[in-house]
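**Q** please find the sequence and the predicted model below.
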Amino acid sequence: SSMTGGLRAWEIESLKVQSPLSRAAFFVPISSLKMCKTGTKATTAKAVIAAVSGVAVATVDRPVPAVGEVVIQVAALGLCRTDLRVISGEIDTARPRIPGHEFSGIIDSVASDVSPLQPGDRVAVNPVFPCGQCRYCDDQRSDICQQTRFLGVDLNGALAEFVAVPAHSVHAIPDSLSYAEAAFSEPMCASLAVLKSGIQPHQRGLILGHNRIAELTRRVLVANQFHDITVLPADFQDLPQDAFDFAIETVATTETIHALCHSVVPGGRVILKSRQPDPVQITVSKLLPREVTLCAVNYGCFQHAVNLLADRVVKVDDLIGPRFSLNDFASAVDLAERDELRKIFIEPNAELSSDPGA
């Protein structure tokens, strides 16, 4: 598949970095990383490559759509915590790897078997690719497929000028929606998942965390007629006990989960939303008498997320932060690590930055 981007055939030359986790040495000068496909003169493009020894912008083969695929010229990519963890090595992925999964763009080319998508279409992409073959996919429950592949983690992602993706993951966006707004489709889809947990609009809820996903989740709940919602920072001291019917975490630690389990009423619900890779401890003996339900949720409906954005039911324009070029990705990553409230964007193709939807 072209989604692998030919990485196995590439050669990494002259990559010398002190330590992948040393910030000063982590970002390799562009000139010091050259990646090419041996023995060919393929059309090339730029991408950010997370290699074993460091991260840099490199010249790579421009993807060509395989059967069932489209190639997208990336217009706007939002950086999220998953991307930062891939770049830093905190998430263990095969390397070299192109990160990035929250994005929108314009279709560059399509495979001959793909329709009705065509070059020139403005699109957003669901970066979670279900296997299509398991019993959950057969039962139209691909949202809980356990053999999914995640763009930018399991496959080369969109922190690049071009990316190849399965046609079934591509969703059209209207001209009225800017590329940056459309790139919020994936986090919007993640926020929508809380509605799968059984919570009801009349209930009193708590969202713990002062970050983008917490704010997006609050807006999703308000759009669905939830009006008694409290948002508190993750380090809030002395959460009120027995005060909420449900609580949603966006920063999962042993301390926050413990506090949330006591902030809900007996029989209440704690919804797990963040993708914290580190384990947390739970004292079961303290939960049993309270009969608290822990409910993990993943994603809602991606098309619903696109519709909410396109119809301005949930607005995100005020969450859009500074935008950077691909060559300046190191500055973008540095800012994204410090700014939890605004989404930092990379625009790999300068000619698309004058967005008709902006």
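**A** Okay, I see it. Numbering: from 1, shown residues only.
**Q** pairing partners for Leu208 in the sheet, please.
**A** Counting by DSSP bridges, Leu208 forms beta bridges with Leu232, Glu249.
**Q** for it, what are its contacts?
**A** 214, 231-234, 236, 239, 247-251, 256, 259-260 (Cβ atoms under 8 Å, 6 or more residues apart in numbering). The C-beta positions use only the backbone N, C-alpha and C, and glycine is treated the same way.
**Q** by neighbours, which of those wins?
**A** Ile248 (30 neighbours; other Cβ atoms under 10 Å).
**Q** so what's that one up against?
**A** Taking Cβ under 8 Å, 6+ apart as the definition, contacts of Ile248 comprise 194, 205-208, 214, 217, 270-271, 273.
**Q** what do you get for Arg290?
**A** Shown in contact with Arg290 (Cβ under 8 Å, 6+ apart): 261-262, 266-268.
**Q** buried only: go through those residues for me.
**A** 261-262, 268 (16 or more other Cβ atoms under 10 Å).
**Q** Pro279: which of those is nearest?
**A** Cys261 (16.3 Å; Cβ to Cβ).
**Q** check that closest one and give its pLDDT.
**A** pLDDT for Cys261: 96.
**Q** excluding chain neighbours, what is closest to it?
**A** Val292 (5.1 Å; Cβ to Cβ, 6 or more residues apart in numbering).
**Q** the one you found is in contact with His258, isn't it?
**A** No - assessed by Cβ atoms under 8 Å, Val292 is found out of contact with His258, at 10.9 Å.
**Q** okay, these two: which has more neighbours?
**A** Between Val292 and His258, counted using other Cβ under 10 Å, Val292 has the larger neighbour count: 22 against 17.
**Q** residue contacts, that one?
**A** 261, 264, 266-270.
**Q** all the helices of the chain, residue numbers only.
**A** 23-26, 81-88, 135-138, 179-182, 185-192, 212-223, 254-263, 284-287, 302-310, 329-338 (DSSP state H).
**Q** where among those helices is the average confidence lowest?
**A** helix 23-26 has the lowest average pLDDT among these, namely a mean of 37.
**Q** what about Gly205, distance to Asn327?
**A** Applying Cβ to Cβ, to the nearest Å, the value for Gly205 to Asn327 is 43 Å.
**Q** nope, Arg212 is what I was after
**A** Applying Cβ to Cβ, the value for Arg212 to Asn327 is 25 Å.
**Q** who has more neighbours out of those two?
**A** The neighbour count for Arg212 versus Asn327, taken as other Cβ under 10 Å, is higher for Arg212 (23 against 13).
**Q** I'd say the more buried one and Gly321 touch.
**A** No - with contact taken as Cβ under 8 Å, Arg212 and Gly321 are classed as non-touching, separated by 9.4 Å.
**Q** need the residues touching each of these two.
**A** With Cβ under 8 Å, 6+ apart, Arg212 and Gly321 have common neighbours 342-343.
**Q** among the helices and strands of the chain, which has the poorest mean pLDDT?
**A** strand 10-13 (a mean of 34; mean pLDDT, DSSP states H and E).
**Q** look up the closest residue to Asp154, ignoring the ones flanking it.
**A** Asp154 sits nearest to Thr93 (Cβ to Cβ, 6+ apart), 7.4 Å away.
**Q** return the distance of the one you found relative to Gln200.
**A** 39 Å.
**Q** those two: which is more packed in?
**A** Neighbour totals were compared for Thr93 and Gln200, and Thr93 leads with 18 against 10 (other Cβ under 10 Å).
**Q** which stretches of this structure have low pLDDT?
**A** 1-42, 354-358 (pLDDT under 70).
**Q** hmm, 90 instead?
**A** Applying pLDDT under 90 to the chain flags the ranges 1-43, 52-54, 91-92, 143, 237, 275-278, 339-341, 350-358.
**Q** quick one: residues contacting the residue in the chain sticking out farthest from the centre.
**A** Within the chain, the residue lying farthest from the chain centre (Cα atoms, centre = their mean) is Pro289, at 36.7 Å. By Cβ under 8 Å, 6+ apart, the contact set of Pro289 is Pro266.
**Q** so the residue nearest to Asp154 touches Leu155, yeah?
**A** No - taking contacts as Cβ under 8 Å, Thr93 lies outside contact range of Leu155: 9.7 Å.
**Q** separation between the closest residue to Pro322 other than its chain neighbours and Leu77?
**A** Nearest non-adjacent residue to Pro322, counting by Cβ to Cβ, 6+ apart: Ile344, 6.1 Å away. For Ile344, the distance to Leu77 equals 10 Å [Cβ to Cβ].
**Q** of the two, who's got more company?
**A** Leu77 (35 against 23).
**Q** ok, the more buried one to Asp175 distance?
**A** From Leu77 to Asp175 the distance is 20 Å (Cβ to Cβ).
**Q** now swap in Gly267 and tell me
**A** For Gly267, the distance to Asp175 - Cβ to Cβ - is 48 Å.
**Q** swap in Ile346?
**A** Counting by Cβ to Cβ, the gap from Ile346 to Asp175 is 22 Å.
**Q** those two - which one has more neighbours?
**A** Shown here are Ile346 and Asp175; by other Cβ under 10 Å, Ile346 has more neighbours (27 against 9).
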